[in-house]
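> predicted structure and sequence below. I'll ask about it afterward.
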Amino acid sequence: MIKDKKYRGGLVVEPTEGIHFNVTVMDFASLYPSIIKVRNLSYETVRCVHEQCKQNKIPDTNHWVCTRYNGLTSMLIGSLRDLRVNYYKSLAKKANTQEQKEQYTVVSQALKVILNASYGVMGAEIFPLYFLPAAEATTAVGRYIITETIKKCQTSGVEVLYGDTDSLFVKNPTVEQIQKVIEDTKMEQGVDLEIDKEYRYVVLSGRKKNYLGVTKEGKVDVKGLTGKKSHTPPFIRSLFFEILEILSNVQTSQDFETAKKQISQKISACAIKVKERKIPIPELAFNVMISKAPSEYDKTVPQHIRAAKLLEQQREIKRGDIISYVKILNKPGVKPVEMARPDEIDSEKYMEFMEATLEQITSSMDLDFDSMVGKPKQTGLDQFFWN
Ligand SMILES: [Zn+2]
């Protein structure tokens, strides 16, 4: 059980740490809506009143599902799922004009949003058809299906590197192996497994939900990427994209070791510039748009508004204006770019922000941020006992 959650969620498989080449990611198309459909899950069908249905167990729970009647949400969600998968998705593929294609895609995407939301409400008290066992049954079947699919891969000789809820990372599979797993899963579980991504290589860290992958086309995917946010200061954004560029050029494990060194050097060089206050002020700017007039804030005043209030002493500020500010040492902690001096820049704050932005990448690559930026490595208590 997880804190603040009323029931167990999806299954996350322990990742196989390290760099892996030629990785295929497979995922189940609309997993939970599919389960709700094929397992007849609904408010009135899970733990129904009929004695004979109690044999129809949900794996890993003590719930059962009705065998006599079709459930309301099962039919509804099932129909919407079928409409999306069998109708709009294929219409989009077969469309003759770009406009038609886009139109069908929009409908399909809208259905996807509704479908994805339809499972969560079963476990939400505000929903009129709230029924915790129905939500529990959905994730339990999900865990069962992914576990069975992993076994299927292993018996077919395909190595599973990582898995999370509805996706599986497999190493170096043949087309035939993938095809067999997809067919068997459809036949045995009634759900559709698809190829989602093909990575040239994937770097898995020891932690769950933290990886980076480079597709065969050279696009870099980082799980939980924050570096693209538009308000990130330009110097961090540039550093971030330079790192992605290095990663996208890696072809072999030797390249990867070289890339690690290059990345580490780039981060160190940037950290030195920050510490020595050599980064030009516009490069340090956070650019945030004002959505309310500065006077409309009363209790907690966000940083860009604090900067805007300083600017107001010079010129008029209105809603929609972009405020460019930097973080400074003295109160109020921020200053508009126009007014700031290099010697008052809070380098420590920038280092923290840099670390937070690059953390997703460096941690999956097993690079230690503190040692790259010249901070002494934190000593754990165990060192005193074992060294
Ligand atoms: Zn029944």
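Arrived safely, thanks for sending.

> where in the chain is pLDDT low?
Scanning the chain for pLDDT under 70 picks out the ranges 1-4, 224-230, 376-387.

> show me how it divides into domains.
12-215, 224-277+348-379, 283-344 (automatic domain parsing).

> straight-line length of the last one, end to end?
It refers to domain 283-344. 15 Å (CA to CA, to the nearest Å).

> now it: how far from the chain's centre is it?
Relative to its chain's centre, domain 283-344 lies at 31 Å (CA atoms, centre = their mean, to the nearest Å).

> same thing with the longest one?
For domain 12-215, the distance between its averaged C-alpha position and the chain's averaged C-alpha position is 17 Å (CA atoms, centre = their mean).

> backbone phi and psi for Val288, please?
When read as degrees, to the nearest 10, the backbone of Val288 gives phi -130, psi 140.

> residues in a beta bridge with it, which ones?
Ile323 (DSSP bridges).

> which bits of this structure sit near the ion?
Within the chain, the positions adjacent to the ion are 48, 50, 53, 66, 68 by CB under 5 Å from the ion. Yep, even glycine has a C-beta here, placed from its N, CA and C like the rest.

> still on that earlier bit, please work out which of the domains of the chain is packed deepest.
Scoring the domains of the chain by mean neighbour count under mean count of other CB atoms under 10 Å gives domain 12-215 as the most buried, with a mean of 17.

> return the residues in contact with Tyr88.
By CB atoms under 8 Å, 6 or more residues apart in numbering, the contact set of Tyr88 is 104-105, 107-108, 111.

> show me which pair in the residues of the chain next to the ion is furthest apart.
Cys48 and Arg68 (7.6 Å; CB to CB).

> hang on, Tyr199 in a strand?
Yes. Counting by DSSP: H, G, I helix; E, B strand; the rest coil, Tyr199 is located in a strand.

> my read: it touches Gly218, true?
No. With contact defined as CB atoms under 8 Å, Tyr199 does not reach Gly218; the gap is 10.7 Å.

> now do the SS call for Glu125.
Glu125 ends up coil, using three-state DSSP.

> what's the answer for the one 3 residues further on, then?
Reducing the assignment at Pro128 to three states with three-state DSSP gives coil.

> over to Tyr162?
strand.

> with Arg277 instead?
Arg277 - assigned by three-state DSSP - is coil.

> pretty sure it sits against Ile345.
Yes. Between Arg277 and Ile345 a contact is recorded at 5.5 Å, counting by CB under 8 Å.

> in a strand, Val203, correct?
Yes. The assignment for Val203 by three-state DSSP puts it in a strand.

> which residues does it form beta bridges with?
Applying DSSP bridges, one finds that Val203 bridges with Ile19, Leu212.

> nearest spatial neighbour of Val85, chain-adjacent residues omitted?
Ala29 (6.5 Å; CB to CB, 6 or more residues apart in numbering).

> now do the contacts for the one you found.
Applying CB under 8 Å, 6+ apart, the residues near Ala29 are 85, 191-194.

> can you tell me which of these end up in strands?
193-194 (DSSP state E).

> follow-up on the earlier one: just send the domains of the chain back as CSV, with distance to Lys6 too.
Output for those, formatted as CSV (distance: least, CB to CB, whole Å):
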stretch, distance to Lys6
domain 12-215, 6
domain 224-277+348-379, 25
domain 283-344, 31
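
> figure out which of those is closest to Lys5.
Across the domains of the chain, closest to Lys5 is domain 12-215 (CB to CB), at 8.8 Å.

> and the closest residue to Gly163 other than its chain neighbours, what does it touch?
Spatial nearest neighbour of Gly163, excluding adjacent residues (CB to CB, 6+ apart): Val13 at 3.7 Å. Residues in contact with Val13 (CB under 8 Å, 6+ apart) are 146, 150, 160, 162-164.

> which one of these is nearest to the ion?
Ile146 (27.0 Å; CB to the ion).

> C-terminal to the host helix or strand of Tyr32, what's the next element?
Tyr32 is part of helix 31-38 when elements are defined by DSSP states H and E. Next in sequence after helix 31-38, counting helices and strands by DSSP H and E, comes helix 72-82.

> for that following helix, packing partners?
Judged by 3 or more CB pairs under 8 Å, 6 or more residues apart in numbering; DSSP states H and E, the packing partners of helix 72-82 are helix 31-38, helix 98-120.
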